[in-house]
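*Asks:* Provide a 3D model corresponding to the input given below.
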Amino acid sequence: MVVTEPASVRSRIIDATLHLVGTDGIAGVTNRRIASRAQVSLGSITYHFPTQEDLLRAALTHFAREETTRLREIADSYRGKEISVQDAATLTEQVAESLAFSAERIAPFELYVQAGRDPNLRAAADECWRAYDALTFTILTELGIPRAETLTPTLVATIAGLQLRRLSTGGGSDLAGAVLLLLRQSGTPGHRDPDPGTG
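*Replies:* All right, here's what the predicted structure looks like:
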């Protein structure tokens, strides 16, 4: 009982931090606001996270680990399956559109930018990007894409950029179309991508 309570408090602090970062940006994160949202004492915040840098790093790491778990489950469900290029593009769009831009999902964009200013956040940011890389590499491999490891970072960057555009404009983006274009230009084996005219 004594062991689980600190973990619960720590988790509530992190969740509150992600919400505030996503709502008001890094500048809007204060211990008083975190304490109010997390319903914890001010002292408990500094007990678990002596500096704001510690707190932001923990928040991004927490997000990265949750994202890694979520994406690994998706990747595992496609291992060993015959999927077409169109299937992969559609899957990508479905995964992206299923993620509503809640404050907690906007927060990582803020934290990635902050990692550009703060080297101490970069390992946590890298962990998150590696989760996206792992899912993408698995799908590309299942598609039989040659040099999947080379295409992976380009595809991840394209998807992230289109998601950022969607977030910042409030409009849609042809994510499936962009993914389809990249995959078709990469030399995907034809037997996995039937000619639309034959169907």
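*Asks:* I'd like to know which helix or strand in this protein has the lowest mean pLDDT.
*Replies:* Ranked by mean pLDDT, DSSP states H and E, the helix or strand of the chain with the weakest confidence is helix 85-97, at a mean of 73.
*Asks:* That one - contacts with which helices or strands?
*Replies:* helix 122-143, helix 148-169, helix 175-185 (3 or more C-beta pairs under 8 Å, 6 or more residues apart in numbering; DSSP states H and E). Quick note: C-beta positions are derived from backbone N, CA and C, even for glycine.
*Asks:* roughly how far is it from the heart of the chain?
*Replies:* 15 Å (C-alpha atoms, centre = their mean, to the nearest Å).
*Asks:* can you pull the buried residues of stretch 28-35?
*Replies:* Residues 29, 31, 33-35 are the ones in stretch 28-35 that count as buried (16 or more other C-beta atoms under 10 Å).
*Asks:* quick revisit: nearest to E93, of the helices and strands packed on helix 85-97?
*Replies:* Among the helices and strands packed on helix 85-97, the nearest to E93 by C-beta to C-beta is helix 175-185 (4.1 Å).
*Asks:* helices or strands next to the closest one in the packing?
*Replies:* helix 85-97, helix 148-169.
*Asks:* I'd like those helices written out as CSV, with distance to T136 and mean neighbour count added.
*Replies:* Below are the helices and strands packed on helix 175-185 laid out as CSV (distance: least, C-beta to C-beta, whole Å; neighbours: other C-beta atoms under 10 Å):
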stretch, distance to T136, mean neighbour count
helix 85-97, 9, 18
helix 148-169, 5, 15
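*Asks:* Which among the helices and strands packed on helix 85-97 is found nearest to I83?
*Replies:* With C-beta to C-beta as the measure, helix 122-143 is the member of these nearest I83 (5.8 Å).
*Asks:* Check which helices and strands that closest one is in contact with.
*Replies:* So helix 122-143, by 3+ C-beta pairs under 8 Å, 6+ apart, packs with helix 52-78, helix 85-97, helix 103-117, helix 148-169.
*Asks:* again, only using 6 Å
*Replies:* In terms of contacts (3 or more C-beta pairs under 6 Å, 6 or more residues apart in numbering; DSSP states H and E), helix 122-143 is packed against helix 52-78, helix 103-117, helix 148-169.
*Asks:* Would you format the ones you listed as JSON lines with mean pLDDT and distance to I139 included?
*Replies:* JSON lines is the format used below for those (pLDDT from 0 to 100; distance: least, C-beta to C-beta, whole Å):
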{"stretch": "helix 52-78", "mean pLDDT": "82", "distance to I139": "6"}
{"stretch": "helix 103-117", "mean pLDDT": "86", "distance to I139": "21"}
{"stretch": "helix 148-169", "mean pLDDT": "87", "distance to I139": "9"}
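*Asks:* Using PDB, write down the CA coordinates of the helix or strand hosting S44.
*Replies:* Counting by DSSP states H and E, the element that carries S44 is helix 42-48. C-alpha atoms of helix 42-48 as PDB (Å, rounded to 0.1, in the frame of the first residue of the first chain):
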ATOM      1  CA  LEU A  42       3.100  21.200  -4.100                       C
ATOM      2  CA  GLY A  43       5.700  19.400  -2.100                       C
ATOM      3  CA  SER A  44       4.900  16.100  -3.800                       C
ATOM      4  CA  ILE A  45       5.900  17.600  -7.200                       C
ATOM      5  CA  THR A  46       9.400  18.600  -6.100                       C
ATOM      6  CA  TYR A  47       9.800  15.400  -4.200                       C
ATOM      7  CA  HIS A  48       9.300  13.400  -7.400                       C
END
